[in-house]
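J.: Here you go, sequence then predicted model.
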Amino acid sequence: MEPATSRAPRSRFVVWLHGLGDTGRANEFLADSFPTTAAFADARWAFPTAPTAPVTCNRGMLMPSWFDIHDAPITSVSVRDEEDVLRAVQSVHAMIDREIAAGTNPQDVFVFGLSQGGALGIASVLLHPKTLGGCAVFSGFLPFNSSFAVRVTAQAKKTPVLWIHGQAGSLIPIKEGRDGIKFLRGLGMSCEFKVYDRLGHSLEYYELDYCQRWVEKILHRSGREGLILTSSTVPKKRNHKTQTPVLWFHGMADGVVLFEAGHAGCAFLQEIGMHCEFKVAYPALGHTLVDEELQYFRQWIKDRLSQGTGVPVPSLSDKMDLHLVNYHTGS
C-alpha cells in the first residue's frame, strides 16, 4: 500500500482512508478542505490506496478494496473474513508507527475514513496500542463482531471518536452507525454521533466543517493547541526577547480561536517573564478586527514609546492611520 502524501511532515499527521472502489489520489483534494483552522494548517496528510482485489458483493469485480464485502446493503455481517480486516489494519498501523517513530506524538495522529475506509479507520484505532489524537468515521460501520472488544487496550479506549452518518443513506443504513456508537460507548470511549437527516451515502462539505470544529474542541480540551503546548519546557529567564511587551486582544465571542486559548496564551507569556496585557473588554467581539481595537493599539504604542524617555512622542495619526487602514482592508 503506497500512500500518496501532501505537505511536508510537521506537527500533525492525518490518514484519510477512502471508500470501496476509490483511490487515495482521488481524495487528495480533501487536504485543502481543512485550511481555515490552526488544527490542520501545518498537518501532513496521507492518502493510501487500497490493494486491488475481487469484491464479492460486486460480483467478484476487481477494484481497490481494503477487505472483502460479501453483500449489500453493508452491515457488520457483510464482512466474514476477520483476517482480511486485520491485514488491512496492520497496513494502517505500519503507517502510523512509522510516523510516531519519526517523532510525531501519538496524540497528534488522526485517522479519518469514509464508508469502507471509515470501517477500517475505526478498526485501526481500536486495535492500536496507543492513544491517538482521534478518529472520524463518515458513513462507516464496524467490520467485526463484539468479540473484538477484548482486544481493545485501555490506551486505545482513550482515543476520541466522531461518527457522522446520514439518515437517508441506504448502502450503509443508519442502524450500523447507531450500533457502532453503542459498541464504542460500551467500551467506555468518548464518542460523538452526528446524524444528518437528509444526508445519503456521500461526503459533504458541512461534514468536513463539523469535523474541523470537533478536532479543535478535543485539542483545546487536551491542551494541545496554541503556545501553551510548550509551556512546561520553556525556562524562566530574562533576556532581550522576554523584555518585549505584548498586547493581546481577544473577543469573548470568538468561535474560531476560543477565548480560553487566548487567556491561556497570555498566561504562558507572563509565566516566562514577559509583560503581557490581555485586553478582554469586548464581550461581543468575534474573530474579527474592529476600530476600537485599533484605537487602543495606537494609544498602547504611544505609551510604550513615552516610557523612560523625556522626548516628546511623535504624532502617530496620519502615517500610522494610513498603514493600519491598508492592513485592515487587505490592500
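T.: The structure has been received and is ready for your questions. Numbers count the residues shown, from 1 in each chain.

J.: Provide the strand pairings for the host helix or strand of V195, with the direction of each partner.
T.: Per DSSP states H and E: V195 is located in strand 191-196. Pairing partners of strand 191-196, with direction, according to DSSP bridges: strand 161-166 (parallel).

J.: just to revisit the earlier point, hey, C-alpha coordinates of the strand holding V195 in PDB?
T.: Output in PDB follows, covering the C-alpha atoms of strand 191-196 (Å, rounded to 0.1, in the frame of the first residue of the first chain):
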ATOM      1  CA  CYS A 191     -17.600   9.300  21.100                       C
ATOM      2  CA  GLU A 192     -19.900  11.800  19.400                       C
ATOM      3  CA  PHE A 193     -22.600  10.700  17.000                       C
ATOM      4  CA  LYS A 194     -23.700  13.300  14.400                       C
ATOM      5  CA  VAL A 195     -26.700  12.500  12.300                       C
ATOM      6  CA  TYR A 196     -27.900  14.400   9.200                       C
END
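
J.: how about it: buried residues?
T.: C191, F193, K194, Y196 (16 or more other CB atoms under 10 Å). Heads up, the C-betas are built off the backbone N, CA and C, glycines and all.

J.: what about the stretch 101-250 of the chain, any weak spots by pLDDT?
T.: 222-243 (pLDDT under 70).

J.: What ranges does it have for its strands?
T.: 109-114, 134-138, 161-166, 191-196, 246-249 (DSSP state E, counting those that start in this stretch).

J.: Please determine how far G140 is located from K302.
T.: Computed as CB to CB, to the nearest Å, the G140 to K302 distance reads 58 Å.

J.: just E176 next, same as before
T.: E176 is 63 Å from K302, where distance means CB to CB.

J.: Settle it for me: which of those two has more neighbours?
T.: More crowded of E176 and K302, by other CB atoms under 10 Å: E176, with 23 against 15.

J.: Would you agree the more buried one is in contact with A72?
T.: No - assessed by CB atoms under 8 Å, E176 is found out of contact with A72, at 11.9 Å.

J.: what separates the nearest residue to L187 once chain neighbours are set aside from V125, distance-wise?
T.: Leaving out its chain neighbours, the residue that sits closest to L187 by CB to CB, 6 or more residues apart in numbering is K157, at 5.4 Å. K157 sits 10 Å away from V125, taking CB to CB as the criterion.

J.: before we move on, what about H287?
T.: From H287 across to V125, the span is 31 Å (CB to CB).

J.: by how many degrees do the strand holding V195 and strand 134-138 diverge?
T.: Counting by axes from the mean of the first three to the mean of the last three CA atoms, to 10 degrees, strand 191-196 points 30 degrees away from the direction of strand 134-138.

J.: List the contacts of strand 191-196.
T.: Residues outside strand 191-196 that contact it (CB atoms under 8 Å, 6 or more residues apart in numbering): 160-167, 174, 177-178, 181, 184-185, 204, 206-207, 210, 214.

J.: Produce a PyMOL select command limited to the buried residues of those.
T.: In PyMOL, this line selects whichever of the contacts of strand 191-196 come out buried by 16+ other CB under 10 Å:
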select buried, resi 160+161+162+163+164+165+166+174+177+181+184+207+210+214
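
J.: Tell me how many other residues surround P73.
T.: There are 15 residues near P73, going by other CB under 10 Å.

J.: brain fart, F249
T.: 19.

J.: who's in contact with it?
T.: F249 touches K279, Y282, E293, Y296, F297, counting by CB under 8 Å, 6+ apart.

J.: if I look at the third one, how far off is L247?
T.: According to CB to CB, E293 stands 10 Å off from L247.

J.: would you list every one of the helices in the stretch 1-150 of the chain?
T.: 38-41, 82-101, 116-126 (DSSP state H, counting those that start in this stretch).

J.: and the angle from the longest one to helix 116-126?
T.: Counting by the same axes, to 10 degrees, helix 82-101 points 70 degrees away from the direction of helix 116-126.

J.: Report the angle between helix 82-101 and strand 109-114.
T.: Using the same axes, to 10 degrees, helix 82-101 lies at 140 degrees relative to strand 109-114.
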